[in-house]
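K.L.:
need coordinates for the following:
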Amino acid sequence: MVTKTIARDLSVTLSGWRLDNPVIPASGTFGFGREFRDFYDINILGTFSFKGTTREARFGNPTPRIAECTAGMINAVGLQNPGIDAVIAEELPRLRTFFHKPVIANISGFSVEEYAYCCERIDREEGIGLIEVNVSCPNVRHGGMSFGTSPACAAEVTRAVKAVTTKPVYIKLSPNVTDIVAIARACEEAGADGLCLINTMLGMRIDVQRRRPVIANGMGGFSGDAVFPVALRMVYQVAEACRIPVIGCGGVSSARDVIEMMMAGATAVEVGAANLKNPYICKEIIEALPAEMERLGIERLADIVGCAHAGRK
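P.N.:
Modelled structure (predicted):
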């Protein structure tokens with residue numbers, strides 16, 4: 001008896017941009033790709049989101065700024081990056097020598113003007129597939145409250161960025177809110193082409209010997225396997241409420257997690273903290289997806305996006 005082999009289609013499309021597969025290393029966990037290219041050919045990735053970039057170079061927060069915890073980690077790196085000028089002049093030309101696909105530009109800022117300035121600059125650059133705007137930054141003009149915790153502030157950033165860009169704009173949402181759907185809808189109404197969620201949750205650890213917080217900042221972003229159920233729930237809620245594409249992120253570390261995220265409504269999936277624990281994780285996930293699809297009777301990954309929602313098969 002001859003067993004027929006069915007070709008598995010891993011490709012997905014984000015705002016007209018076709019990716020070979022939905023696996024995307026998340027910003028802040030993959031740098032500009034240089035370190036990871038020594039482990040494997042990173043061109044097998046769908047794409048990746050490069051280090052969060054601000055107008056000026058940032059050294060980041062004081063150390064210690066990373067703490068381990070059960071099934072995850074806490075970090076308060078503080079957006080350490082070389083600044084938009086250095087990214088355009090140095091990082092992007094270097095990146096194009098070894099990564100031959102468009103990338104996602106992650107942009108951060110501390111004012112609406114800074115977001116708009118950086119997005120307008122990066123929008124002109126060759127090889128940028130879409131712009132991912134991190135609204136989890138503190139709004140310096142509103143007492144340090146994160147842009148992403150206010151529907152009005154998130155919408156203001158979205159409108160400002162959309163006014164100066166031509167590439168698709170995806171807003172990366174903070175989970176540290178009461179109602180993630182309200183923020184998502186505000187961004188959609190303001191013109192966002194897509195959404196990415198979740199960014200890190202807020203957490204902390206205490207050094208019981210020193211009787212002080214482990215991290216110099218006290219608190220930091222909690223990520224890793226433990227946050228996956230929360231991220232999945234928020235992706236499901238946002239995909240249910242909005243019509244624009246969603247990139248799912250938060251605690252993803254296996255091919256099964258990717259499929260679960262996609263069934264919840266994510267078109268593509270970012271892998272974050274798992275890269276820091278296992279630099280081969282994205283490669284392993286991509287290689288494991290066809291077998292997982294075969295076990296579940298999936299021929300095309302794109303067909304399962306949002307299938308877990310009521311009224312859909």
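K.L.:
number of residues surrounding F98?
P.N.:
F98 sits with 12 neighbouring residues when counted by other CB atoms under 10 Å. Just so you know, the C-beta spots here come from the backbone N, C-alpha and C atoms, and that holds for glycine as well.
K.L.:
how about the strands in the stretch 101-250 of the chain?
P.N.:
103-107, 128-134, 169-172, 194-197, 201-203, 206-207, 212-213, 220-223, 246-249 (DSSP state E, counting those that start in this stretch).
K.L.:
please identify the most buried of these.
P.N.:
Sort those by mean neighbour count, taking mean count of other CB atoms under 10 Å, and strand 246-249 sits at the top with a mean of 29.
K.L.:
tell me what whichever helix or strand comes after that strand is packed against?
P.N.:
Using DSSP states H and E, the helix or strand that follows strand 246-249 in sequence is helix 255-264. Contact partners of helix 255-264 among helices and strands, from 3 or more CB pairs under 8 Å, 6 or more residues apart in numbering; DSSP states H and E: helix 228-241, strand 246-249, strand 268-271, helix 281-296.
K.L.:
and the ones you listed as JSON lines, adding distance to K51 and mean pLDDT?
P.N.:
Below are the helices and strands packed on helix 255-264 laid out as JSON lines (distance: least, CB to CB, whole Å; pLDDT from 0 to 100):
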{"stretch": "helix 228-241", "distance to K51": "21", "mean pLDDT": "98"}
{"stretch": "strand 246-249", "distance to K51": "15", "mean pLDDT": "98"}
{"stretch": "strand 268-271", "distance to K51": "14", "mean pLDDT": "98"}
{"stretch": "helix 281-296", "distance to K51": "16", "mean pLDDT": "98"}
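K.L.:
any idea which of the strands of the stretch 101-250 of the chain gets closest to I66?
P.N.:
strand 220-223 (7.9 Å; CB to CB).
K.L.:
partners of that closest one in the sheet?
P.N.:
Taking DSSP bridges as the criterion, strand 220-223 forms sheet pairs with strand 72-75 (antiparallel), strand 201-203 (antiparallel).
K.L.:
ok, which of those comes nearest C153?
P.N.:
Nearest to C153 among those is strand 201-203 (17.6 Å), distances taken as CB to CB.
K.L.:
which other residues reach the closest one?
P.N.:
C69, I74, P175, N176, M219, G220, G221, F222, S223, V227, V230 (CB atoms under 8 Å, 6 or more residues apart in numbering).
K.L.:
what's the mean pLDDT across it?
P.N.:
Strand 201-203 carries an average pLDDT of 93.
K.L.:
and R121, which of the strands of the stretch 101-250 of the chain is closest to it?
P.N.:
The minimum distance between R121 and the strands of the stretch 101-250 of the chain falls on strand 103-107, with 9.1 Å, by CB to CB.
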